[in-house]
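1. Structure for the following, please:
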Amino acid sequence: MYQQPNIIGQSTPNPALAYGMTPLQMARASGIVQEYKFMAIKPKKQQKELIRVLKAEPKKLLFIKYGKKFNLKDRCVVCGMHHVWEQGDYMRPPIPLDGVVKGRPLMGTYCPKHAAHFMQLEMLQQQILADKHGLEFKRFIPKTPKILKGGPIKNLSKEDIISLTAAGYFIKPPTLGDNRSATNEAIEIVGEINILTDRLNFLMINQGVKPQNTDNKKVKETKEEEVEE
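-> Residues are numbered from 1 along each chain as shown. All right, here's what the predicted structure looks like:
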């Protein structure tokens, strides 16, 4: 069965055809987005597994390693796959580091498969941190309330409001639409300007500053004429 080679000249790994590949090699090869299956059981060992998977591919000369093989813009530092991330993509990974969780920043990025593995590593780090401080990790994962899973909500009961606010949701009361015409809105704005001008003159008189010679009535008439035109 022929498989179209990718940009680095290797065919997409298929478990049925990848005879002789180790689990680490299959995890580091390019492919579809999928969850990484751990070999270890303890979280700290699982973290070391993912770090080995996400380390940038080194350059080799005979048996000597130097530099990074795929340290190029828009290239996955692990497998070399070319991928351009959109600005608002929720899976967009941060800048890869030389040691995955520490080290100097690299020029490349992660492909969707290894970006998913990196998100899995971040979740694992949060789990290790929660276990270290004696906390339950499940409490840090937000759950969608059942009332929101059924689609848009038109009516809320008192119990619904209490349950949503307890879950951290902020509920704003509905506001009436603005039915004013452009002319009425302009007249109201001119009135507000006149009120603020009178207040400013009052404050300046109290401070002993001579107010500017402004004729509020003349300003109001001029504004109303402009609106009528």
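
2. Residue 55 - nearest residue in space that isn't next to it in sequence?
-> residue 100 (5.8 Å; CB to CB, 6 or more residues apart in numbering). The way it works is simple: take the backbone N, C-alpha and C, and place the C-beta from them, glycine included.

3. And whichever helix in the chain runs longest, what's buried?
-> Longest helix in the chain by number of residues (criterion: DSSP state H): helix 182-206. When burial is assessed from 16 or more other CB atoms under 10 Å, helix 182-206 yields the following buried residues: 187, 190, 194, 201.

4. burial count for the residue nearest to residue 55?
-> Here the count is done by other CB atoms under 10 Å, and residue 100 has 19 residues near it.

5. residues contacting it?
-> The neighbours of residue 100, taking CB atoms under 8 Å, 6 or more residues apart in numbering as the test, are 50, 51, 54, 55, 121.

6. So which bits of the host helix or strand of the last one are buried?
-> Meaning residue 121. In this structure, residue 121 is located in helix 112-132 according to DSSP states H and E. Of the residues in helix 112-132, 112, 113, 114, 115, 116, 117, 118, 120, 121, 124, 127 count as buried by neighbour count, 16+ other CB under 10 Å.

7. got the domain boundaries for this structure?
-> 23-140, 143-174, 182-228 (automatic domain parsing).

8. Can you say which of the ones you listed is packed in most?
-> Scoring the domains of the chain by mean neighbour count under mean count of other CB atoms under 10 Å gives domain 23-140 as the most buried, with a mean of 15.

9. What's the mean pLDDT across it?
-> Summarised as a single mean, pLDDT over domain 23-140 is 87.

10. re the thing from before, the helix holding residue 121 packs against which elements?
-> helix 43-54 (3 or more CB pairs under 8 Å, 6 or more residues apart in numbering; DSSP states H and E).

11. Please list the outside residues in contact with the helix it packs on.
-> The set of residues external to helix 43-54 that reach it, using CB under 8 Å, 6+ apart, is 24, 27-28, 36, 38-40, 78, 96, 99-101, 110, 114, 117-118, 120-121, 124-125, 127-128, 131.

12. rerun that using 10 Å as the cut-off
-> Counting by CB atoms under 10 Å, 6 or more residues apart in numbering, helix 43-54 makes contact with 23-28, 36-40, 42, 77-78, 93, 96-97, 99-102, 110, 114-115, 117-118, 120-122, 124-125, 127-128, 131, 137, all of which sit outside it.
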